[in-house]
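Engineer: Got a predicted structure here, sequence first:
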Amino acid sequence: MAAAGLDPTLTTAALAALEEALNRALALDTAGQQQLGRLAGCTFAIECTSPAINVYLQPGVERTRLLGFHDGPVTTRVRGAAADFAELAGASDPAATLINGNLALQGDSAPLIELQGIIGRLDLDWEAPLVNVLGDVAGHQLAEFLRAGFSAGSAASSSLLRQLEEFIHEEARLTPPRLEVEDFYSDLQALQQRVERLQSRLERLRKRMQGARA
Amino acid sequence: MSDKRTTHFGYREVEEDAKAGLVANVFHSVAGRYDLMNDLMSGGIHRIWKRFTIELSAVRAGQSVLDIAGGTGDLAAKFADIVGPTGRVVLADINESMLNVGRDKLLDHGYQGNLEFVQADAQYLPFPDDSFDCVSIAFGLRNVTDKDLALRSMLRVLKPGGRLLVLEFSKPANPLLEKAYDSYSFRMLPFMGKLVAGDSESYQYLAESIRMHPDQETLLGMLEDAGFVNCEYHNLTGGVVALHRGFKA
């Protein structure tokens, strides 16, 4: 994580901690770790413009590395503000977000989309570390409780979001629905094209009239 | 008056021939508790400095690396992980005790196959020309009697395009930090050395040798004089430590 003006000790320490946390989490999802192993040899450069931070991510078969400096070839380089990266991380359709969003992409996009998919599909199994600490019975019970809690929380959150969206669009009519907005922008684009064509015709007509007078 | 050339050993002026023996005694004395003392003295930050060194080395799978004054093998272990089974890492140290501790530690941790251990003097490296993609020396250069000779030796064994990394204590950029650091290293280090390693004199030497070591700009000039190109340095922890990097053309 090379950040302008910051002591490399701080940025390197932050990356070391982040890398450790990431690898501990990946160790709880063996399938995810195996999928990441398929990207071994790839280097992803994440260049955040605001705040100015560069991070290089290198997936590996056993361990994923996070670097602040990298001199070798880069598979995919993504540049943008922190908010743009947050949008990509949470996107249901990352390919569309990459194409339509504000992120600048350089290199091969397929491994990046695969990486985003793997991270999005991570299914962490908390049971193993809990069982190691609490024993088989208590660890299993607590893991079941947590799983049920996460599942209910996730369902409630998605239901709440859906209802909130319906309320904003349909009941309170605070904003138009997405399809209506897209339709409006499509009409606007068509109108803009027609205006530009009309402007060109008028310009040609003006030149022709000036030629006739001369 | 003796006409023999002299050099510094901490704040003492000693004959050049004697320095290697004096330094050797220091490291024979501290080898057993070296890792523990490093963690205690730096608060664990030496691991971050070494991690940064690894990043700037840009070492890749299959490459060959020489870690001079490799001591207990922190850097060599990381390099061995990166270069993999097709690569080669040589852990070199002039001091037999340090090399033994490093070899035992790495073998106990399962490192073998791509790792070699060599007792070698940094001034006269026993390797053919153009042998390594990367040469590193962490917290070792200040103990070398003739630093210019050592740097030229490192340049010789590097392959063209290869890089040298020198991680070493340096001069803090901020005067306040420098005062605090002086106070810490001349009072706390010998005390901790006595308490943990039973040897305050070695840690007194450590503090003195750091002050006698060339500052960032001087060392940068020495790298350039030795023949390295595209030389640069990065201050770490406010300049308490600096990482110098140079390339062989």
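Structural biologist: That came through, no problem.

Engineer: Show me what counts as buried in the helix or strand harbouring B:Leu206.
Structural biologist: Per DSSP states H and E, B:Leu206 falls inside helix B:200-212. Buried residues in helix B:200-212, counted by 16 or more other Cβ atoms under 10 Å in any protein chain shown: B:Ser202, B:Tyr203, B:Gln204, B:Tyr205, B:Leu206, B:Ala207, B:Glu208, B:Ser209, B:Ile210. C-betas here are computed from N, CA, C, even on glycine.

Engineer: One more: stretch B:111-127?
Structural biologist: By neighbour count with 16+ other Cβ under 10 Å, stretch B:111-127 contains the buried residues B:Tyr111, B:Asn114, B:Leu115, B:Phe117, B:Ala120, B:Asp121, B:Ala122, B:Gln123, B:Leu125, B:Phe127.

Engineer: any idea how chain A splits into domains?
Structural biologist: As assigned by automatic domain parsing, chain A contains the domains A:2-120, A:126-175, A:177-214.

Engineer: chain center to the helix holding B:Leu206: distance?
Structural biologist: Relative to its parent chain, helix B:200-212 has a centroid offset of 15 Å by Cα atoms, centre = their mean, to the nearest Å.

Engineer: now B:Ser153, what's its secondary structure?
Structural biologist: Put simply, B:Ser153 is helix when judged by DSSP: H, G, I helix; E, B strand; the rest coil.

Engineer: got a pLDDT number for it?
Structural biologist: Confidence at B:Ser153, expressed as pLDDT, is 97.

Engineer: do you know how far B:Tyr203 is from B:Leu165?
Structural biologist: To B:Leu165, B:Tyr203 is 25 Å away according to Cβ to Cβ, to the nearest Å.

Engineer: Please apply the same query to B:Ser57.
Structural biologist: Counting by Cβ to Cβ, the gap from B:Ser57 to B:Leu165 is 6 Å.

Engineer: Now do the shared contacts for these two.
Structural biologist: By Cβ atoms under 8 Å, 6 or more residues apart in numbering or on different chains, B:Ser57 and B:Leu165 have these common neighbours: B:Cys134, B:Ser136.

Engineer: Next one, pLDDT for whatever residue of chain A ends up closest to chain B please.
Structural biologist: Per Cβ to the nearest Cβ, A:Asp71 is where chain A lies closest to chain B, at 3.8 Å. Looking at A:Asp71, its pLDDT stands at 85.

Engineer: try B:Asn114
Structural biologist: Confidence at B:Asn114, expressed as pLDDT, is 94.

Engineer: which ones are touching A:Phe88?
Structural biologist: You called it Phe, but residue A:88 is Leu. Shown in contact with A:Leu88 (Cβ under 8 Å, 6+ apart): A:Val78, A:Pro94, A:Thr97, A:Leu98, A:Gly101, A:Leu103, A:Gln116.

Engineer: which is the next helix or strand following the helix or strand hosting it?
Structural biologist: Using DSSP H and E, A:Leu88 sits in helix A:82-89. Using DSSP H and E, the helix or strand that follows helix A:82-89 in sequence is helix A:94-100.

Engineer: so where is chain B shaky, pLDDT-wise?
Structural biologist: Chain B contains residues with pLDDT under 70 at B:1-4, B:9-12, B:14, B:18, B:21-23, B:25-32, B:197.

Engineer: residues contacting the residue in it that chain A sits nearest to?
Structural biologist: Closest residue of chain B to chain A, Cβ to the nearest Cβ: B:Ala58 (3.8 Å). When contacts are counted by Cβ under 8 Å, 6+ apart, B:Ala58 touches A:Phe69, A:His70, A:Asp71, A:Gly72, B:Cys134, B:Arg163.

Engineer: Longest strand of chain B, counting residues only.
Structural biologist: Assignment by DSSP state E gives strand B:158-169 as the longest strand of chain B.

Engineer: Just the residues contacting the helix or strand following that strand, thanks.
Structural biologist: Scanning forward in sequence from strand B:158-169 by DSSP H and E, the next helix or strand is helix B:175-183. Applying Cβ under 8 Å, 6+ apart, the contact partners of helix B:175-183 are B:Lys171, B:Pro172, B:Gly238, B:Gly239, B:Val240.

Engineer: So which of those reach chain A?
Structural biologist: Contacts with chain A within the contacts of helix B:175-183, as defined by Cβ under 8 Å from any Cβ of the partner chain: B:Gly238.
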